[in-house]
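Chemist: When you get a sec, could you give me coordinates for this:
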Amino acid sequence: YPGLTREADRPLAQRYALKANVWLAIFGWVGNYWYTHYFYSVLGAAYTMPAHRVNGVPWCMFFATHFYFCFYHVLSNCALRFIATGYAPGPRRAALRAAA
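Modeler: Take a look at the predicted model:
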């Protein structure tokens with residue numbers, strides 16, 4: 001949807017949407033591969049669904065992580081845009097932006 005993001009005239013490698021998705025995929029993979037496995041090992045918990053696993057984590061969770069991280073990313077961008085456009089420049093906007 002490059003028309004929606006106004007990036008249709010940019011090459012693929014320069015599009016913000018592609019860079020954000022690549023970063024989220026890398027972050028999600030690392031998080032699922034190392035941190036989720038470690039977290040569940042410490043807690044003694046386990047996934048109970050029948051699935052193929054990568055380091056003890058069902059492979060479908062890698063995809064699920066990507067789409068909910070994308071959702072979080074969209075929400076945070078909406079909040080930052082609301083702060084940037086909804087408040088006049090000044091200490092209040094700076095404080096909100098620092099808190100976000």
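Chemist: mind pulling up the phi and psi values for residue 53?
Modeler: Recorded main-chain torsions at residue 53 are phi -120, psi 150, according to degrees, to the nearest 10.
Chemist: Can you report how many residues neighbour the nearest residue to it once chain neighbours are set aside?
Modeler: The shortest distance from residue 53 to any non-neighbouring residue, by C-beta to C-beta, 6 or more residues apart in numbering, is to residue 59 (6.9 Å). From N, CA and C alone the C-beta is placed, and that goes for glycine too. Residues within reach of residue 59, counting by other C-beta atoms under 10 Å, total 11.
Chemist: OK, contacts around residue 59?
Modeler: 51, 52, 53 (C-beta atoms under 8 Å, 6 or more residues apart in numbering).
Chemist: I'd like those residues laid out as CSV, including neighbour count and pLDDT.
Modeler: Formatted as CSV, those follow (neighbours: other C-beta atoms under 10 Å; pLDDT from 0 to 100):
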residue, neighbour count, pLDDT
51, 12, 91
52, 7, 92
53, 14, 91
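Chemist: any idea which of the residues you listed is closest to residue 36?
Modeler: Proximity of the contacts of residue 59 to residue 36 (C-beta to C-beta) peaks at residue 53, which lies at 11.1 Å.
Chemist: top helix in the protein by residue count?
Modeler: helix 59-86 (DSSP state H).
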